[in-house]
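[1] Next come a sequence and a model predicted from it.
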Amino acid sequence: MPLHADSETASDTPVAPPADAAQHALQQAMQAHGTGRLDTARGLYLQLLAADPRHPDALHLLGVLEAQQGRLERAAELIGQAIAVRPDEAMFHNNMGNVQIERGRAAEAEASYVRAIERDPARLDALNNLGVLLGRRGDVAGAERLLQRVLELAPDFTDARQNLANHLLRAGRPLDAVRQCVDGLVTAPRSTVLRRMLGAAYSTLGMPEAAADVYRQWLAQEPGDPVALHHLQAIVGEQVPERASDAYVSRVFDSFAGSFDAKLSDLSYRAPQHVAEAVARHAGAPGRHLAVLDAGCGTGLCGPLLQPWAAQLSGVDLSEGMLRKAVARAVYDELLHGELVAFLRMRPAAWDLVVSADTLCYFGALEDFAAAAHAALRGPGLLVFTVEAHADADGEPAYRLQQHGRYSHRRSYVEAALRGAGMQPLELQSVVLRMEAGAPVQGWLVSARRAG
């Protein structure tokens, strides 16, 4: 659900010079905002508000800027002030809804989207956003009705097409999802999301060759694309890498950093809670006495859960988009951009506790990670992580790249990789990590201590 940084629909048509200085300053601020010069934009918005504290566009756009930088309380306050000045502006209500989503306030977000649509029944972004929100809360019919309405008004609205296809996949209607993806690719033939969902829908239908063809055609158009290559390898089971490439991981997670927390909430995501419970069992009473690393921290969902044990709390992740979200939680002492194994190797004997929640599902081979964690821990340091699971039975591989693009692991292999690196396993507990397409995703919750 993107936050809109424009007060009017952008156009390539030349516009007459602004009539007064305030309008000129607003246009300058909007241009700076739209091109990522946020400090410049902030200064101009503040100048406008110094001259007119009730300037609705400056209030609204400064609120959008604050939201983009993770200051959500201030964003809601500013956009609320803009609405008080100009209550009939649908865009203001839509962006208030986006901020409320970021704040985890779904009911308030829904009310804001409804108000936007009441003021402008053809407001496509508000219709799309409300459709997504209804789908997340389980209103299947309502979500489909709204997203279909968007596409009736604007058949080339790619975001709505993607959202409808995803909604249909989650509702167990992969054939309908295929139709939406195919229609969407007519107007957006290079949409990464639609191509990935089309492959997923074919896989769900038990049509792996059709799925493979999607990725082969994608690679023919964009040779070496990391997303297409990774999913093709997952489908055909050939040339399977030992871990997902850095390019794949950063591309995927940058692409949905803005909606990551809400999507995981929809899936009853439990990995951070499982990790925190294991830390409580094995790290002793909270006391802010440990140097803690959140390896693959994402948007920082684990951060508040780990903070009670942390004298120093650090996070590292490959996705810059995810790290920007983690900054907004204001719980980490440092956040760094990088690949977690390489980072662990750079910090020998630095940590008392290393955790990794649902990051190692993008690793097949675990030996390098286990060795790097052993080297980065000090004393009898504690390692806690989750991986996805498959049966620990004769004939099963140590790890498998599943068709959805994540790896699953055999329990005995996880334990062997830890022991081989000098770690002493404490527990390997079977847990449900989240729900996906109505089914539980099984995983291993793993705790180990550094030995020697």
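    Structure's in. What do you need?
[2] wait, Gly443 sits on Glu388?
    Yes: using Cβ atoms under 8 Å, Gly443 is in contact with Glu388, at 5.0 Å. C-beta coordinates here come from the backbone N, C-alpha and C atoms, glycine included.
[3] Looking only at neighbour counts, state which of the two leads.
    Counted by other Cβ atoms under 10 Å, Gly443 and Glu388 do not tie: Gly443 has more neighbours, with 25 against 21.
[4] How about that one, nearest residue that isn't a chain neighbour?
    Spatial nearest neighbour of Gly443, excluding adjacent residues (Cβ to Cβ, 6 or more residues apart in numbering): Leu433 at 4.1 Å.
[5] in the stretch 51-200 of the chain, which spans are helices?
    56-68, 72-85, 90-102, 106-119, 124-136, 140-153, 158-170, 174-187, 192-204 (DSSP state H, counting those that start in this stretch).
[6] Using TSV, lay out the ones you listed together with distance to Pro286 and mean pLDDT.
    Listed next are the helices of the stretch 51-200 of the chain as TSV, based on distance: least, Cβ to Cβ, whole Å; pLDDT from 0 to 100:
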stretch	distance to Pro286	mean pLDDT
helix 56-68	32	95
helix 72-85	26	96
helix 90-102	28	95
helix 106-119	30	96
helix 124-136	32	94
helix 140-153	41	95
helix 158-170	37	92
helix 174-187	45	96
helix 192-204	41	94
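[7] how about the ones you listed in JSON lines, adding mean neighbour count and distance to Gln429?
    Formatted as JSON lines, those follow (neighbours: other Cβ atoms under 10 Å; distance: least, Cβ to Cβ, whole Å):
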{"stretch": "helix 56-68", "mean neighbour count": "24", "distance to Gln429": "38"}
{"stretch": "helix 72-85", "mean neighbour count": "20", "distance to Gln429": "35"}
{"stretch": "helix 90-102", "mean neighbour count": "26", "distance to Gln429": "33"}
{"stretch": "helix 106-119", "mean neighbour count": "19", "distance to Gln429": "31"}
{"stretch": "helix 124-136", "mean neighbour count": "24", "distance to Gln429": "29"}
{"stretch": "helix 140-153", "mean neighbour count": "18", "distance to Gln429": "34"}
{"stretch": "helix 158-170", "mean neighbour count": "23", "distance to Gln429": "28"}
{"stretch": "helix 174-187", "mean neighbour count": "19", "distance to Gln429": "32"}
{"stretch": "helix 192-204", "mean neighbour count": "23", "distance to Gln429": "29"}
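[8] Take these and write them to a markdown table, including distance to Arg288.
    A markdown table is the format used below for those (distance: least, Cβ to Cβ, whole Å):
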| stretch | distance to Arg288 |
| --- | --- |
| helix 56-68 | 30 |
| helix 72-85 | 25 |
| helix 90-102 | 28 |
| helix 106-119 | 32 |
| helix 124-136 | 35 |
| helix 140-153 | 43 |
| helix 158-170 | 40 |
| helix 174-187 | 47 |
| helix 192-204 | 41 |
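[9] Looking at those, which is nearest to Ala375?
    Among the helices of the stretch 51-200 of the chain, the nearest to Ala375 by Cβ to Cβ is helix 192-204 (35.7 Å).
[10] Determine the set of other helices and strands touching the closest one.
    Under the contact definition 3 or more Cβ pairs under 8 Å, 6 or more residues apart in numbering; DSSP states H and E, helix 192-204 sits against helix 158-170, helix 174-187, helix 208-221, helix 226-236, helix 246-255.
[11] and the third one with helix 192-204, angle?
    Computed with axes from the mean of the first three to the mean of the last three Cα atoms, to 10 degrees, the direction of helix 208-221 lies at 160 degrees from that of helix 192-204.
[12] Over to the last one?
    Helix 246-255 and helix 192-204 meet at an angle of 110 degrees, taking the same axes, to 10 degrees as the criterion.
[13] what angle do helix 246-255 and helix 226-236 make?
    110 degrees.
[14] Where does pLDDT dip in the stretch 301-450 of the chain?
    437 (pLDDT under 70).
[15] Quick one: the helices in the stretch 251-400 of the chain, in order.
    Ranges of helices within the stretch 251-400 of the chain are 260-266, 271-282, 303-306, 320-329, 340-346, 367-376, based on DSSP H, counting those that start in this stretch.
[16] Just the buried residues of the second one, please?
    Within helix 271-282, the residues that qualify as buried by neighbour count (16 or more other Cβ atoms under 10 Å) are Ala271, Pro272, His274, Val275, Ala276, Glu277, Ala278, Val279, His282.
[17] where's the third one relative to Gly443, distance?
    Relative to Gly443, His274 is positioned 8 Å away (Cβ to Cβ, to the nearest Å).
[18] what's the answer for Leu353, then?
    Distance, Leu353 to Gly443, using Cβ to Cβ: 20 Å.
[19] is it possible to export the helices of the stretch 251-400 of the chain to TSV including distance to Arg54?
    As requested, the helices of the stretch 251-400 of the chain are arranged in TSV below (distance: least, Cβ to Cβ, whole Å):
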stretch	distance to Arg54
helix 260-266	32
helix 271-282	42
helix 303-306	36
helix 320-329	28
helix 340-346	48
helix 367-376	54
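[20] With respect to Ser447, which of these lies nearest?
    Comparing the helices of the stretch 251-400 of the chain by Cβ to Cβ, helix 271-282 comes nearest, at 4.8 Å.
[21] which residues are in contact with the closest one?
    Contact with helix 271-282 is made by 286, 301-302, 305-306, 309, 353, 355, 357-358, 382, 384-386, 426-427, 429, 431, 433-434, 443, 445, 447, 449, as judged by Cβ atoms under 8 Å, 6 or more residues apart in numbering.
[22] what do Gly443 and Glu388 both touch?
    Cys361, Leu433.
[23] Chain neighbours aside, what residue packs nearest to Phe369?
    Val341 (5.5 Å).
[24] And Gln442, by the same measure?
    Ala389 (4.6 Å).
[25] Could you measure from the one you found over to Gly237?
    19 Å.
[26] again, but for Thr158
    Taken as Cβ to Cβ, the span from Thr158 to Gly237 is 31 Å.
[27] same check, this time on Gly405
    Gly405 is 13 Å from Gly237, by Cβ to Cβ.
[28] Looking at the two, which one has more neighbours?
    Gly405 (20 against 11).
[29] tell me the contacts of that one?
    His230, His231, Ala234, Ala244.
[30] where does it fall, phi/psi-wise?
    Main-chain dihedrals, Gly405, degrees, to the nearest 10: phi 100, psi 0.
[31] Can you tell me how far it is from Arg170?
    Going from Gly405 to Arg170 by Cβ to Cβ gives 16 Å.
[32] And Phe256, by the same measure?
    Distance from Phe256 to Arg170, by Cβ to Cβ: 15 Å.
[33] what does Leu445 give?
    The gap separating Leu445 from Arg170 is 25 Å, by Cβ to Cβ.
[34] thinking again about what came up before, who's in contact with the residue nearest to Gly443?
    Contacts of Leu433 by Cβ under 8 Å, 6+ apart are Tyr269, Arg270, Ala271, His274, Asp358, Thr386, Glu388, Val441, Gln442, Gly443.
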